[in-house]
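>>> My questions concern the predicted model and sequence given below.
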Amino acid sequence: MYRAIIIDDEEAVRAGLRSHFDWERHGVSVAAEFPDCEKAYRYIREHPVELVVTDVVTPHMDGITLAKKLRSEFPAVQIVFISGHADVQFLREAMKSSAIDYILKSVDMDELSAAISRVVERLDKQGREKRRVQAMEEHLCDLVISDFYRVVGERVSPKGDIDEAQVLSREEYASHMMENPANYYYGVLWNKLYRREIVERHHLRMDPAISWCEDFMFNLEYIRRAKTFFALQVPVYYYVKTKGSLCTQGISISKTIQMKLTVFEYYNQFYKTVLDEEEYEKQRLKIYRFLIDAAEDGTVPPVSKRLGNERVRVSPDALEGQGFLFDTFRERKLLDYYLEPAAQKNDLSLPEARLLLYLRQSGPAARKDLADFAGLPRGGLSMLLNRMEGKGLISVTELRGAKGKRGRESRLEITFPPSASAVLEDVANIWEDFTSARFSGFSPEERELYERFAGRVQENIRGILQ
């Protein structure tokens with residue numbers, strides 16, 4: 001909680017502010033109260049305080065003088081003035097002293113609540129920025145990357161990719177980025193803290209000829225010069241998506257494609273520099289995924305359709321393809337076909353619905369296994385689990401395992417709260433519909449025979465993989 005003090009020469013005002021305003025709801029506690037600013041100033045010099053709510057006119061020292069002293073000595077302290085003076089000069093002086101707000105007596109509690117909310121928002125931001133600076137100083141790293149909040153309408157969801165707070169080498173950081181290259185987490189500037197000396201020494205600037213991914217290209221240049229990185233699991237920014245992507249800039253498709261190819265060449269050259277020749281050849285397919293992933297999150301040309309606006313469809317070539325890989329692909333698409341209506345009904349994405357189906361049928365599982373099943377990097381899995389937990393669909397407990405050859409391996413135990421019962425019922429019905437569709441037209445004997453042979457195939461596979 002943030003600590004506040006109240007200053008007013010009227011005891012009734014102090015008592016009213018302390019007792020009749022819900023400080024706790026705003027994450028604030030009243031540490032002390034004083035009849036004048038001089039006594040409060042002596043207290044602040046000995047005790048940490050984040051917020052001062054003060055009258056402008058008090059004995060011995062007025063609120064304006066106190067505010068100026070605090071701005072000089074304790075610039076992080078936030079100030080809200082409460083006064084019976086509506087004089088323009090008082091207001092002007094109050095704002096010069098960096099006060100957050102100026103509220104006239106008698107105090108309107110809604111007005112005070114709005115002012116305290118603004119204070120808390122500013123303090124939260126200061127705290128997040130401080131965490132980034134502390135992380136950089138503590139770990140002696142060249143870049144700190146933080147999670148952020150994605151805001152869509154009324155919904156706020158945390159976003160990130162590296163699922164553990166850790167120090168990373170350049171090669172390790174580049175390896176994470178390779179798994180999810182078009183993620184805003186890696187591309188933008190506002191969730192990172194850079195070292196000015198690196199930026200200035202190498203004269204790093206954005207390319208004015210590029211109007212798409214220019215911040216990502218800046219990051220690639222910076223990463224090439226940096227040595228150590230720290231992933232901070234503290235969201236530091238609220239990203240509200242607005243118009244301004246390639247879709248809404250009126251840029252021609254040919255120019256869009258040309259810009260993407262330019263950025264990809266930049267990206268490809270980055271990995272040729274960071275990785276040795278042998279490692280680059282191993283990872284080349286992952287690196288080339290950037291051309292596909294770059295079409296996500298609004299950066300596709302205007303003619304493209306967004307996933308989820310229509311029912312799942314499969315191309316004629318995939319429908320007619322022969323062989324095990326095509327069979328597996330069509331089965332997954334059939335499952336998505338039945339999952340999609342339930343996902344839309346329950347405000348889930350297809351990956352969330354697919355993962356929920358798996359979690360319902362499995363026991364504790366390693367994070368890597370869950371990620372492999374969902375076809376996601378581990379960071380992406382963590383994001384899905386966090387989002388589903390935030391929706392009240394699951395509860396996640398990490399079970400620490402014994403130390404093995406690959407280090408200490410943990411397993412995730414997933415339980416389902418009562419609030420998830422309706423969604424789970426829909427998932428159960430989906431599985432029944434999916435199974436019925438697969439065996440449509442089979443007699444009971446034919447189905448039993450098929451399942452017996454399929455079971456033998458699975459035994460062979462388990463025997464090889466165990």
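In hand now; what should we look at? Residues are numbered from 1 along each chain as shown.

>>> Show me how far the host helix or strand of residue 381 is from its chain's centre.
Assignment of secondary structure by DSSP states H and E places residue 381 within helix 378-390. Computed by C-alpha atoms, centre = their mean, to the nearest Å, the chain-centroid distance of helix 378-390 equals 10 Å.

>>> ditto for stretch 143-162
Relative to its chain's centre, stretch 143-162 lies at 2 Å (C-alpha atoms, centre = their mean).

>>> what about the stretch 151-300 of the chain, any weak spots by pLDDT?
152-156, 209-212, 241-261, 285, 288-300 (pLDDT under 70).

>>> Show me the strands in it, by range?
155-159, 166-169, 192-194, 228-232, 238-240 (DSSP state E, counting those that start in this stretch).

>>> deepest of those, which one?
Of all these, strand 228-232 carries the top mean neighbour count, a mean of 22, counting by mean count of other C-beta atoms under 10 Å. Bear in mind the C-beta positions are built from the backbone N, C-alpha and C, glycine included.

>>> now for that strand, which elements pack on it?
In terms of contacts (3 or more C-beta pairs under 8 Å, 6 or more residues apart in numbering; DSSP states H and E), strand 228-232 is packed against helix 109-139, strand 143-146, strand 166-169, helix 170-179.

>>> Verify the assumption that residue 44 is located in a helix.
Yes. Assigned with DSSP: H, G, I helix; E, B strand; the rest coil, residue 44 falls within a helix.

>>> Check whether it really touches residue 67, as I assumed.
No. Residue 44 lies out of contact with residue 67 (C-beta atoms under 8 Å); the separation is 11.5 Å.

>>> And the pLDDT at residue 311?
On the pLDDT scale, residue 311 is placed at 48.

>>> Buried residues, stretch 107-116. List them.
Neighbour counts over stretch 107-116 (16 or more other C-beta atoms under 10 Å) mark 107, 112, 115, 116 as buried.

>>> Touching it from outside, list them.
Stretch 107-116 is contacted by residues 13, 16-17, 20-23, 26, 28, 51, 80, 82, 100-101, 103 when judged by C-beta atoms under 8 Å, 6 or more residues apart in numbering.

>>> and stretch 61-79, how far from the chain's centre?
Worked out by C-alpha atoms, centre = their mean, stretch 61-79 lies 35 Å from the chain centre.

>>> Correction: the previous question concerned stretch 360-378.
20 Å.

>>> Could I get the CA-only coordinates of it as PDB?
Below are the C-alpha coordinates for stretch 360-378, written out as PDB (Å, rounded to 0.1, in the frame of the first residue of the first chain):
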ATOM      1  CA  ARG A 360      -9.700 -31.900 -19.300                       C
ATOM      2  CA  GLN A 361      -8.300 -35.300 -20.400                       C
ATOM      3  CA  SER A 362      -4.900 -35.200 -18.900                       C
ATOM      4  CA  GLY A 363      -3.300 -35.200 -15.400                       C
ATOM      5  CA  PRO A 364      -0.200 -33.200 -14.300                       C
ATOM      6  CA  ALA A 365       2.000 -32.500 -17.300                       C
ATOM      7  CA  ALA A 366       5.400 -30.900 -18.000                       C
ATOM      8  CA  ARG A 367       5.200 -27.300 -19.400                       C
ATOM      9  CA  LYS A 368       7.100 -28.500 -22.500                       C
ATOM     10  CA  ASP A 369       4.600 -31.300 -23.200                       C
ATOM     11  CA  LEU A 370       1.700 -28.900 -22.900                       C
ATOM     12  CA  ALA A 371       3.400 -26.400 -25.200                       C
ATOM     13  CA  ASP A 372       4.200 -29.100 -27.800                       C
ATOM     14  CA  PHE A 373       0.600 -30.300 -27.800                       C
ATOM     15  CA  ALA A 374      -0.700 -26.800 -28.300                       C
ATOM     16  CA  GLY A 375       1.900 -26.000 -31.000                       C
ATOM     17  CA  LEU A 376       3.100 -23.000 -29.000                       C
ATOM     18  CA  PRO A 377       6.400 -21.800 -27.700                       C
ATOM     19  CA  ARG A 378       6.600 -22.100 -23.900                       C
END
